[in-house]
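requesting a structural model of the entry that follows:
(chains A and B)
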Amino acid sequence: MRKKVLQYLFMLSIGFPLAFLLLLSLGRRWSFPSVFPQELSFVNWELLHQSDDRLFQTFFLSMAISLVVSLMVTSLAFVVSKEIAYSKYRNTFLFLAYIPYLLSPVILAVIFQYFFIISNLTGTFLGVVIAQFLIAFPFGVLIYVNFWNKQIKELENLSYTLGGNRWQTFRKVLLPLSKNAIVLCFFQVFLISWFEYGLTNLIGVGKIKTLTVSVFNFINEANIFYAALASCLLVIPPMMLLYINKRFIFIKR
Amino acid sequence: MQPLLHIQNLSKTFGNERVLADVNLHLAQHKVLSLLGSSGSGKTTLLKIIAGLEQPSSGEIFLNETEISQQPPQNRNIVYLYQEALLFPHFNVYENIAFGLRLKKQSNQAIKEKVQQMLHYLDIEKHAEKMPNQLSGGQKQRVSFGRAMVVEPKLLLLDEPFGALDSNTRQKMQSLFIKLVEQLKISALFVTHDLKEAIIMGDSIGKIQKGKLIQYESKQAFFEDETSGVKNEVDFWKGIK
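Okay, the predicted model is just below:
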């Protein structure tokens, strides 16, 4: 009985915020002392059908930024982490990789900002992508670095002595063996980028508005229904990633 | 007759440490040379240099009279086998053995014939569809042998391949290896720290100690060398009687 109650409480703690967000996104008027919005309709959601809707465009802009950052970090960190893992200065490099996490992304943004201004990167798609890449890249390295162990090195060498060139060894040995690490890195970096606010806001200077930035803006404007709608859009990709992760990738292990 | 493998004045240093010092070695075609050596004697480094996985500090390596020390490992046709079987965990037994043939882009029919034949030689036909985690230590080592030998390497380098096996399985694998060497006309360098295994497996014997290699002209010369340890071993067993 106690176990069941705890299970339901756990499910409620996850389900309630999502259900309440959905409810708020359908609301039109909500004044004290009503527990729920007085009017519910699909008007807010119908706005998304209009191709010139700001929120709709923001969603795809955020998606593009997060996908580009995730792909860049996932592929580059794979190569760099290998060099670090087998380097005799491995521990020094790993210490350096942790430094961005000692400073918050906003502080890093303040440090970067001058260089982004003089290189005309502030307020641009490329600028936000580069800024997010800079904070997510060390994280990608840290995810991969334990994958490169002695056994992987020996399997790689074995492939070479059996006649495999670098590309064949990558495709037939390293890629299949690192599949889980690659997927983990992609998902984690996507989430970092997707929910990134402070750095994106500073480097984007209001011209590049991601969905996360928009949610904060709507909250500041006290537009709670639009903030809820944006939040609903915000949780869709992570939930899809979680589903893909559970359904197609880790279930095979 | 020219040896298959000829090593001249090979040295290797890591920082200030000299791991191999002026190593000279020759191996005839279709022969097995046992290399005896304790941990840290430099025997693994020597094998890795021959395989192309490490670069020598100085010296030359000739395979069939061709200098190969600058060639990448994939062009040498020398297979290096580790102490562990190191099967590819994402492939079943059949695909593990077929791995080298697929790298060489051989036809599916040729691959099938060669792999089936190798499975038969190794007596593991019924395990062809199994994944590595479903095999015993001895079975894994058989697959590892098959994967190496199916590509018909010019030279096989074995780095204590039976070191992780129990004594019973180890004996079986030794017999299997001797049989395969005869059937497939293999040339090999067999590294071990076990005196008995070195004598059983090799046509000739070499000893590597602190980076220096002594290659004996015959097994008899090895037995007669006071420092080989053979005499101590014989005396020990005689003492038990």
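
the strands in chain B, which residues?
Taking DSSP state E, the strands of chain B run over residues B:5-14, B:17-27, B:32-36, B:58-63, B:66-67, B:78-81, B:155-159, B:188-192, B:204-209, B:212-215.

for chain B, what spans make up the helices?
Using DSSP state H, the helices of chain B run over B:43-51, B:93-103, B:108-122, B:137-149, B:167-184, B:195-201, B:219-224, B:230-240.

nearest to chain A among those helices would be which one?
With CB to the nearest CB as the measure, helix B:93-103 is the member of these nearest chain A (3.9 Å). Just so you know, the C-beta spots here come from the backbone N, C-alpha and C atoms, and that holds for glycine as well.

can I get the closest one as CSV, trimmed to CA atoms?
Below are the C-alpha coordinates for helix B:93-103, written out as CSV (Å, rounded to 0.1, in the frame of the first residue of the first chain):
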residue,chain,number,x,y,z
VAL,B,93,31.4,-15.7,-33.8
TYR,B,94,30.9,-15.9,-37.6
GLU,B,95,31.2,-12.2,-38.1
ASN,B,96,34.2,-12.0,-35.7
ILE,B,97,36.1,-14.5,-37.9
ALA,B,98,34.9,-12.9,-41.1
PHE,B,99,36.0,-9.4,-39.9
GLY,B,100,39.5,-9.4,-41.6
LEU,B,101,38.0,-10.8,-44.8
ARG,B,102,35.3,-8.1,-44.9
LEU,B,103,38.0,-5.5,-44.5
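
so what's the residue most central in space within chain B up against?
The residue lying closest to the centre of chain B (CA atoms, centre = their mean) is B:Leu158, at 1.9 Å. By CB atoms under 8 Å, 6 or more residues apart in numbering or on different chains, the contact list for B:Leu158 reads B:81, B:188-191.

kindly reformat the residues you listed as CSV containing neighbour count, distance to B:Ala110 and pLDDT.
CSV is the format used below for the contacts of B:Leu158 (neighbours: other CB atoms under 10 Å in any protein chain shown; distance: CB to CB, whole Å; pLDDT from 0 to 100):
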residue, neighbour count, distance to B:Ala110, pLDDT
B:Leu81, 26, 23, 91
B:Ala188, 26, 24, 93
B:Leu189, 26, 28, 94
B:Phe190, 28, 29, 93
B:Val191, 26, 32, 92
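
tell me which residues of stretch B:111-119 come out buried.
By neighbour count on 16 or more other CB atoms under 10 Å in any protein chain shown, the buried set for stretch B:111-119 is B:111, B:114-115, B:118-119.

ditto for stretch B:30-45
The neighbour-count check on stretch B:30-45 (16+ other CB under 10 Å) flags B:31-37, B:41-45 as buried.

closest one of those residues to A:Glu46?
Proximity to A:Glu46 was ranked across those by CB to CB; first place goes to B:Thr44, at 70.2 Å.

quick one: name the residues of chain B near chain A.
When proximity is defined as CB under 8 Å from any CB of the partner chain, chain B approaches chain A at B:51-53, B:72-74, B:76-80, B:82, B:84, B:86, B:88-90, B:99-100, B:102-104, B:147-148, B:151.

let's see 6 Å
B:51, B:53, B:73-74, B:79-80, B:82, B:86, B:90, B:100, B:103-104 (CB under 6 Å from any CB of the partner chain).

which of the residues you listed sits closest to A:Leu211?
For these, the minimum distance to A:Leu211 (CB to CB) is 37.5 Å, reached by B:His90.

in this structure that closest one contacts A:Leu174, no?
No: between B:His90 and A:Leu174 there is no contact under CB atoms under 6 Å: 10.9 Å.

who's more crowded, these two?
Neighbour count, other CB atoms under 10 Å in any protein chain shown: between B:His90 and A:Leu174, A:Leu174 has more, with 20 against 15.

for the more buried one, what are its contacts?
Not one residue lies near A:Leu174 by CB atoms under 6 Å, 6 or more residues apart in numbering or on different chains.

quick one: secondary structure of it?
Secondary structure for A:Leu174, judged by DSSP: H, G, I helix; E, B strand; the rest coil, is helix.

which elements pack onto the helix or strand harbouring A:Gln7?
For A:Gln7, the host element (DSSP states H and E) is helix A:2-25. If you count contacts as 3 or more CB pairs under 6 Å, 6 or more residues apart in numbering or on different chains; DSSP states H and E, helix A:2-25 packs onto helix A:224-244.

just the residues contacting the helix it packs on, thanks.
With CB under 6 Å, 6+ apart as the test, helix A:224-244 has contacts from A:21, A:24-25, A:27, A:44, A:59, A:187, A:211, A:214-215, A:218-219.

between that helix and helix A:2-25, how big is the angle?
Put simply, helix A:224-244 runs at 130 degrees to helix A:2-25, going by axes from the mean of the first three to the mean of the last three CA atoms, to 10 degrees.

so how far is helix A:224-244 off the chain centroid?
Relative to its parent chain, helix A:224-244 has a centroid offset of 13 Å by CA atoms, centre = their mean, to the nearest Å.

kindly report the same for stretch B:42-51.
11 Å.

which residues of chain A fall in helices?
So, for chain A - with DSSP H - the helices run A:2-25, A:43-47, A:54-85, A:90-102, A:105-118, A:125-145, A:150-161, A:166-169, A:175-177, A:179-195, A:198-204, A:211-220, A:224-244.

got the contact list for B:Gly206?
For B:Gly206, the contacting residues are B:33, B:35, B:213, B:215, by CB under 6 Å, 6+ apart.

which regions of the chain sit below the pLDDT cut-off?
In the absence of a named chain, this looks at chain A. Residues of chain A that meet the criterion pLDDT under 70 lie in A:49-53, A:248-253.

chain B was what I was after
In chain B (pLDDT under 70), the answer is B:1, B:241.

can you put the helices of chain B in TSV and add distance to B:Val23?
TSV is the format used below for the helices of chain B (distance: least, CB to CB, whole Å):
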stretch	distance to B:Val23
helix B:43-51	6
helix B:93-103	28
helix B:108-122	33
helix B:137-149	23
helix B:167-184	24
helix B:195-201	17
helix B:219-224	17
helix B:230-240	22
